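structure for the following, please:
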Amino acid sequence: MKKSIKGLLLMLLFAVLLNVVVFTPFVSAAENLPTVWVKVYRIQAVDTIENFLESEADWRYSITVSDGETLTTRDFKCPSNNNDIILDRADSFTDIKNQDVFVTITLYEDDLLGSETADISSSGTSFDCTYNLASNELGGDDTVIEGDYHKTSGDYDGSTQTDENDANLWFAIFDNYDAPAANAGEDQSVPTGEKVNFDGSLSTASDGSSIVKFEWDFENDGIIDAEGENTSYIYSQKGMQTCRLIVTDSIGVMSEDTCLVNVMNRSPIAEFTFSPSDPSIQDEVNIMDASSDPDGAITSWFWDFGDGTTSTFQSPSHTFTQKGEWQITLTVTDNDGAEDSITHTVAVINLPPAASFNCTPNPQTDMDIQFTEKSIDPENKSLSWLWDFGDGNTSELQTPTHKFTTEGDYNVTLTVTDDENATDTYTMTVPVTKPPQTSGSIPLWIIAVVVIVIAATGFLGMLWWNRRRRSFSEMFTGSDDAVECVRLFA
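This next block holds a predicted model:
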């Protein structure tokens, strides 16, 4: 029965060794490796193991420790003639490369005729167990805890009534190893699209080991995304993300830690263009939205054109009624309520005035000719005027009058200037003629003589007529016919 159990243990040992060799990560020589100590505290004979010619037992034991890669054995010869001896002696086994080690303690009793193997196991003669450095737990043959030590005994196989060279042995197994402690760092908050730096340097390993691997699972989905003590990642999805760090130490023990990353909404980026780049009040300004949202969508636009008017269209058009510099401000809002604004200056350029005038038709020399200004300024700003009448005379009146002294064609030019010193010139050819004269004009002295002659003739005619009347009166005095004739002529 003991041999079959021993065989099973050997098969188990072989399987574990194969698994360790295949799956244990490579450990470089520079890495720290733990040490395991096996301490034999006491040995005590249960059955008589010495022959009748000898006194008490002469103990010798061997301790074999294997980490799956290296097998080391330590032997110790105890002081002679002690059936029950306290040794309190520890043997060290360094550079352990795996967390599970296999320990075998074999107890011998040496005598003159050779040596015998004492039975200190519940399943054989030698004590066999596994020891886990991370948990400090034993597995394998039965033991009983007494104080600070494990007690193994040949009696644990049920052979207390027979002499099978049974003995008791108290021992302890300990190490300088502690499991690693992963530390993924503090929780962080970043906007989407921004690099998040992760630092695992606060992870710790015990003095008897070192961390040999850092593995990062940025989205906690079971997929290793990066390796290394320090790394970075860019999250594209908003929300609370869990980043998991897995560290592995020099004997293959792993530890995990997580940190939270609050991936926040990134604000939209407001931008726009417009054309033409130098509009006037006569131009319609076409405004094109060029905003973007790196992690969502823009849902609203608000335009302030700076002249008291607004719009909520995505790409509006606008006409400015006054020249000058106007501040167009766009405010965009994304689907998470974040906003951004940008302002561009639109310079509405000045338009030059348009000069024009007319004048009195058919101008003649020495005539007061009225010049009427008809100029316009597109922005309805005030103008100044400068007239050049082409005869060496000028005027700065808006609507002047001018008299030409000689006939001829005069190039009359009007130059108007607006409030930004923009000018325009208009020239008109004004034909000036002499006034028309009557044909065969009579000298004034002749006219005077004629007037005197006419006046004298009229006076003489009146005298003649009066004399005739008196003659007729005298001829017909005293008769009715004469009286009637006088009446008739009178």
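
please parse this structure into its domains.
2-175, 188-264, 272-348, 357-432 (automatic domain parsing).

what is the end-to-end distance of the shortest one?
With CA to CA, to the nearest Å applied, domain 357-432 spans 17 Å between its terminal residues.

what's the answer for stretch 373-393, then?
OK, stretch 373-393 end separation, CA to CA: 17 Å.

what residues sit buried inside that stretch?
Of all the residues in stretch 373-393, those buried under the rule 16 or more other CB atoms under 10 Å are Glu373, Ser375, Asp377, Glu379, Leu383, Trp385, Leu386, Trp387, Asp388, Phe389, Gly390, Asp391. For every residue, glycine as well, the C-beta is placed using N, CA and C.

what's it in contact with?
280-282, 322-323, 350-351, 353-358, 371, 394-400, 402, 404, 410-419, 424, 426, 430 (CB atoms under 8 Å, 6 or more residues apart in numbering).

now, the buried residues of stretch 373-393 that are in strands?
Glu373, Trp385, Leu386, Trp387, Asp388 (DSSP state E).

picking that back up, I'd like the domains of the chain as a markdown table, with distance to Trp445 appended.
Formatted as a markdown table, the domains of the chain follow (distance: least, CB to CB, whole Å):
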| stretch | distance to Trp445 |
| --- | --- |
| domain 2-175 | 146 |
| domain 188-264 | 113 |
| domain 272-348 | 70 |
| domain 357-432 | 26 |
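
export those as a markdown table, with columns for distance to Val449 and mean pLDDT.
Formatted as a markdown table, these follow (distance: least, CB to CB, whole Å; pLDDT from 0 to 100):
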| stretch | distance to Val449 | mean pLDDT |
| --- | --- | --- |
| domain 2-175 | 151 | 83 |
| domain 188-264 | 117 | 96 |
| domain 272-348 | 74 | 96 |
| domain 357-432 | 31 | 95 |
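
tell me which of these lies nearest to Phe459.
Set against Phe459 and scored by CB to CB, these come closest in domain 357-432, at 41.3 Å.

just how off-centre is the closest one within its chain?
63 Å (CA atoms, centre = their mean, to the nearest Å).

element containing the residue minimising distance to the centre of the chain?
Closest residue to the average C-alpha location of the chain: Arg266 at 6.0 Å, with CA atoms, centre = their mean. In this structure, Arg266 sits in neither a helix nor a strand according to DSSP states H and E.

that one is in contact with Asp295, isn't it?
Yes: assessed by CB atoms under 8 Å, Arg266 is found in contact with Asp295 at 4.9 Å.

overlap in contacts, the two.
In contact with both Arg266 and Asp295: Pro191, Thr192, Gly193, using CB under 8 Å, 6+ apart.

could you dump those to CSV with secondary structure, distance to Val332 and neighbour count?
Output for the shared contacts of Arg266 and Asp295, formatted as CSV (DSSP: H, G, I helix; E, B strand; the rest coil; distance: CB to CB, whole Å; neighbours: other CB atoms under 10 Å):
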residue, secondary structure, distance to Val332, neighbour count
Pro191, strand, 16, 16
Thr192, coil, 17, 17
Gly193, coil, 17, 12
